[in-house]
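Asker: pasting the structure only:
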Ligand SMILES: NC(=O)c1ccc[n+]([C@@H]2O[C@H](COP(=O)([O-])OP(=O)(O)OC[C@H]3O[C@@H](n4cnc5c(N)ncnc54)[C@H](O)[C@@H]3O)[C@@H](O)[C@H]2O)c1
Ligand SMILES: [Zn+2]
Ligand SMILES: [Zn+2]
């Protein structure tokens with residue numbers, strides 16, 4: 001089969017690799033019909049995540065048709081159309097029983113990214129996300145082996161196009177978890193750092209949940225302009241304003257700051273030159289730029305919600321300010337499975353239309369080009385989706401006048 005594989009920093013290509021086979025009795029083989037490139041894939045692509053090996057297959061946002069099932073699979077059958085959560089969870093361990101699927105303690109054969117681990121078990125395995133997270137081949141491929149198939153695969157109705165439901169695999173539940181973790185509801189104020197796919201869908205969720213003021217910080221004018229037009233955010237470009245938190249606070253009631261803040265940037269945040277050098281030398285695990293801004297922008301008693309990925313140390317972390325303001329921090333990989341029924345309902349009723357953020361529709365064969373465009377933010381790229389097989393995306397009849405969308409590049 002064809003699959004997108006890693007060959008060193010900034011070098012990926014679509015190779016012919018062996019077809020996946022059923023290895024455990026609760027595996028399925030999925031024929032992928034749509035897959036996407038995530039901001040998390042960019043960390044791998046840029047060579048920033050250890051234990052990624054040459055030939056590893058990337059991709060953790062994908063959906064398709066069940067092709068084959070192991071003998072113990074009862075939840076789905078061949079022919080079912082399903083979206084796959086990027087987190088691989090068993091559904092029955094201590095953590096899964098608490099709906100903390102990203103903490104599943106039975107699926108990851110690696111050690112996870114934690115530094116001061118001691119004896120605790122690693123969190124869940126993730127598709128296509130390094131050998132720290134289990135070395136499980138990803139879904140930017142024609143076929144993929146899906147372990148724990150009685151728990152993960154989520155059936156979606158045939159009336160909704162792939163584009164509408166694909167992001168249930170990751171970025172939609174990630175954005176939703178981030179915004180609900182931030183305590184956002186009717187009349188709330190929120191600041192979202194990062195106007196990538198996770199930031200944009202966080203704005204969509206905040207809008208749906210009734211947020212009153214949504215600030216968005218980035219330095220790509222085209223992303224900020226899109227968010228302003230689509231979700232009514234108040235855009236702040238940090239290339240023009242070197243203290244967005246100050247600007248945000250001055251526009252909130254009583255100059256208290258926002259109720260909640262979302263860091264949808266993570267450890268590769270553009271920051272000071274010193275911090276960039278320290279991170280490159282591996283003296284600093286992550287850039288603290290976005291996180292410091294988040295701590296500054298939020299009101300006393302507010303929540304800093306962090307979907308952006310972090311690793312290792314951050315020295316310039318204003319813990320004293322967090323204490324003084326009495327902040328709550330919520331973060332981590334998304335407990336994807338938990339949110340799928342309610343999010344599907346929001347999509348079906350039209351309250352959420354996550355597909356509007358797609359800017360590039362390409363074939364799997366064009367995946368390397370897709371990575372480059374998304375990484376370099378070329379062609380006003382917001383989100384790339386890939387379809388295996390050819391350069392066409394079939395849409396159900398009910399979705400529009402044309403039954404086929406030609407790839408946009
Ligand atoms: N927690 C999870 O389960 C989960 C799931 C999906 C993605 N993620 C993470 O979420 C983050 C965002 O993902 P994405 O797909 O939107 O990626 P992306 O790379 O497209 O977007 C990140 C955005 O942050 C902006 N940015 C950089 N430095 C900034 C700064 N100092 N202040 C404000 N904005 C800044 C960039 O210009 C970019 O537009 C990544 O770290 C990704 O790994 C986490
Ligand atoms: Zn992702
Ligand atoms: Zn589990």
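Answerer: Structure's in. What do you need? If you're wondering where the values come from, they're calculated on a predicted model, not measured in any experiment. Ligands and ions are numbered 1, 2, ... in the order given.

Asker: what separation do you get for the residue of the stretch 51-200 of the chain found nearest ligand 2 and ligand 3?
Answerer: Here the residue of the stretch 51-200 of the chain nearest ligand 2 is residue 170; by C-beta to the ion that distance is 4.1 Å. Bear in mind the C-beta positions are built from the backbone N, C-alpha and C, glycine included. Here residue 170 is placed at a distance of 18 Å from ligand 3 (C-beta to the ion, to the nearest Å).

Asker: my guess is that residue meets residue 61, correct?
Answerer: Yes: the pair residue 170 and residue 61 qualifies as a contact (C-beta atoms under 8 Å) at a distance of 4.6 Å.

Asker: pull up the overlap in contacts between those two.
Answerer: Common contacts of residue 170 and residue 61 (C-beta atoms under 8 Å, 6 or more residues apart in numbering): 36, 38, 86.

Asker: mind checking which of these are buried?
Answerer: Buried residues within the shared contacts of residue 170 and residue 61, defined by neighbour count using 16 or more other C-beta atoms under 10 Å: 36, 38, 86.

Asker: in strands only, show me those.
Answerer: Under the assignment DSSP state E, these contribute residue 36 to strands.

Asker: which one of the buried ones among the shared contacts of residue 170 and residue 61 is nearest residue 369?
Answerer: Proximity of those to residue 369 (C-beta to C-beta) peaks at residue 36, which lies at 14.7 Å.

Asker: quick check: bridge partners of that closest one?
Answerer: When bridges are taken as DSSP bridges, the partners of residue 36 come out as residue 61, residue 385.

Asker: what separation do you get for the residue at the greatest distance from the centre of the chain and ligand 3?
Answerer: The outermost residue of the chain relative to its centre, with distances by C-alpha atoms, centre = their mean, is residue 254 at 34.0 Å. Distance, residue 254 to ligand 3, by C-beta to the ion: 44 Å.

Asker: over to that residue. Which of the three states is it?
Answerer: helix (DSSP: H, G, I helix; E, B strand; the rest coil).

Asker: picking up where we left off before, ligand 1 next: which of the shared contacts of residue 170 and residue 61 are close?
Answerer: Taking C-beta under 6 Å from any ligand atom as the test, ligand 1 is in contact with residue 38 out of these.

Asker: run the contact check for stretch 217-233 versus ligand 1.
Answerer: Yes: counting by C-beta under 6 Å from any ligand atom, ligand 1 is contacted by stretch 217-233 at 217-220, 223.

Asker: ok and the residue in the stretch 101-250 of the chain nearest ligand 1?
Answerer: Sorted by distance to ligand 1 under C-beta to the nearest ligand atom, the residues of the stretch 101-250 of the chain start with residue 196, at 2.1 Å.

Asker: which residue, other than its chain neighbours, is closest to that residue?
Answerer: Distances taken as C-beta to C-beta, 6 or more residues apart in numbering put residue 39 closest to residue 196, at 5.1 Å, once the chain neighbours are dropped.

Asker: give me the number of residues near the one you found?
Answerer: Using other C-beta atoms under 10 Å, residue 39 is surrounded by 24 other residues.

Asker: before we move on, what SS does residue 42 have?
Answerer: When classified by three-state DSSP, residue 42 comes out as helix.

Asker: distance of the residue farthest from the centre of the chain from ligand 2?
Answerer: Residue 254 is 37 Å from ligand 2, by C-beta to the ion.

Asker: do the same with residue 29
Answerer: Going from residue 29 to ligand 2 by C-beta to the ion gives 22 Å.

Asker: how about residue 374?
Answerer: Applying C-beta to the ion, one obtains 12 Å for the distance of residue 374 from ligand 2.

Asker: what comes up buried for the helix or strand containing that residue?
Answerer: Taking DSSP states H and E as the definition, one finds residue 374 inside helix 367-376. Residues of helix 367-376 classed as buried under the neighbour-count rule (16+ other C-beta under 10 Å) are 367-368, 370-371, 373-375.

Asker: quick check: residues of the stretch 301-409 of the chain near ligand 1?
Answerer: Of all the residues in the stretch 301-409 of the chain, those in contact range of ligand 1 (C-beta under 6 Å from any ligand atom) are 307-309, 333-334.

Asker: scan those and report the most crowded one.
Answerer: When neighbours are counted by other C-beta under 10 Å, residue 307 leads those with 31 neighbours.

Asker: got the residue ranges for the strands in the stretch 1-150 of the chain?
Answerer: According to DSSP state E, counting those that start in this stretch, the stretch 1-150 of the chain carries its strands in the segments 2-6, 12-16, 28-37, 61-69, 81-84, 87-88, 125-126, 143-146.

Asker: tell me the angle the third one makes with helix 367-376.
Answerer: Per axes from the mean of the first three to the mean of the last three C-alpha atoms, to 10 degrees, the angle that strand 28-37 makes with helix 367-376 is 40 degrees.

Asker: picking that back up, who's in contact with the residue of the stretch 101-250 of the chain closest to ligand 1?
Answerer: By C-beta under 8 Å, 6+ apart, the contact list for residue 196 reads 39, 218, 223, 264-265, 382.

Asker: mind giving me the ChimeraX command for buried ones among those residues?
Answerer: Only the buried entries of these go into this ChimeraX selection, using 16+ other C-beta under 10 Å:
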select :39,218,223,264,265,382
